[in-house]
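*Asks:* Kindly return the folded structure for what I paste below:
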Amino acid sequence: MHIGIDLGSRTIKLAAVKDGKLADWQVIESGFKPHQQSLDLLKAYPARQITATGYGRHLAHKHFARDIITEIKAHALGARHLFPECRTILDVGGQDSKVITLNNRGKVSNFQMNDKCAAGTGKFLEIMATSLGYSLDEFGAAAAEATTELVIGNMCAVFAESEVVSLKNDGTPAEDIARAVHMAVVERLFAMLQRTGLAGEVIFSGGVANNRFIVQQLEQKLGCPVLVPQVPTIVGALGAALYQAV
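*Replies:* Below you'll find the model as predicted:
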């Protein structure tokens, strides 16, 4: 059995691969000591070869992982395993977003990352949702109920929150503000996809891929389907596990 662990900014994802197939997976909060959280998680998998990826991969290598690979390579392996025709990967997690393009053999040909700012990430959506009194699960559904197309002018999390508060205090319906926030994220992700270049099937991974409103709006902007894995958060962990399994 091969184990892949993706130590992200918000969560730890584990994928277990046996005989080339996903056998099990887990997602837990990173907590204050992510390496200890990972070690506790690994107790259920006594026979293992471990490859780590994500922000905490070097910490994992120090404590328990045999190998480490970059998030770019991990997501390429994971997405290609789930969708063999995959050529473009959009991954949006808690604190970064990335676009990866692959050649026809599944090798990385180009990528772009937004890891210097929370704009367009899960954290940005979480801050905005909290400001409007929604849970993350409610936020996308609220955006779909909007009746007015507003525009949020600032993607800095701090300034955007101030803009949201001002709109709210002016009596703007919360669902209209929710839609504006979502569309600002969609525009940012669309721009990243355009700059990196689109090819073949577009796969959307990471926690933000669970937001159906964002998926639908991206499909409209791109003019093509956006494919979401059954569990979009574990694509990187799956790729890490496959690194040793292939």
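
*Asks:* Now do the strands in the chain.
*Replies:* 2-7, 11-18, 21-29, 49-53, 67-68, 86-92, 97-102, 108-114, 201-205, 226-227 (DSSP state E).

*Asks:* for the helix ranked longest in the chain, packing partners?
*Replies:* Criterion DSSP state H: the longest helix present in the chain is helix 174-196. Under the contact criterion of 3 or more Cβ pairs under 8 Å, 6 or more residues apart in numbering; DSSP states H and E, helix 174-196 touches strand 86-92, strand 97-102, strand 108-114, helix 122-132, helix 136-144, helix 157-169, helix 212-222. No exception for glycine: its C-beta is placed from N, CA and C like everyone else's.

*Asks:* Need the winner for burial among these.
*Replies:* Ranked by mean neighbour count, the helices and strands packed on helix 174-196 are led by strand 86-92 with a mean of 25 (mean count of other Cβ atoms under 10 Å).

*Asks:* Residues contacting that one, please?
*Replies:* 71, 75-76, 79-80, 97-104, 106, 120-122, 189, 192-193, 196-209, 218, 226-227, 235-236 (Cβ atoms under 8 Å, 6 or more residues apart in numbering).

*Asks:* Break the protein into its domains for me.
*Replies:* 1-83+231-246, 85-228 (automatic domain parsing).

*Asks:* contacting residues around residue 126?
*Replies:* Going by Cβ under 8 Å, 6+ apart, the list of residues near residue 126 reads residue 136.

*Asks:* Can you check what pLDDT the model gives it?
*Replies:* For residue 126, the model assigns a pLDDT of 89.

*Asks:* go on, residue 46?
*Replies:* According to the prediction, residue 46 has pLDDT 76.

*Asks:* any idea how far it lies from residue 3?
*Replies:* Applying Cβ to Cβ, to the nearest Å, the value for residue 46 to residue 3 is 11 Å.

*Asks:* where does this protein have its least confident helix or strand?
*Replies:* helix 157-169 (a mean of 74; mean pLDDT, DSSP states H and E).

*Asks:* ok now it, how far from the chain's centre?
*Replies:* From the chain centre to the centre of helix 157-169 is a distance of 24 Å (Cα atoms, centre = their mean, to the nearest Å).

*Asks:* do the same with stretch 163-179
*Replies:* 26 Å.

*Asks:* Same check on stretch 64-73?
*Replies:* Using Cα atoms, centre = their mean, the offset of stretch 64-73 from its chain centre is 17 Å.

*Asks:* Quick one: mean pLDDT over that stretch.
*Replies:* 94.

*Asks:* got it, and stretch 228-245?
*Replies:* Mean predicted lDDT for stretch 228-245 stands at 93.

*Asks:* what's the closest non-adjacent residue to residue 132?
*Replies:* Leaving aside its sequence neighbours, residue 132 sits nearest to residue 174 (Cβ to Cβ, 6 or more residues apart in numbering; 4.9 Å).

*Asks:* now swap in residue 114 and tell me
*Replies:* residue 97 is the one closest to residue 114 (Cβ to Cβ, 6+ apart), at 4.8 Å.
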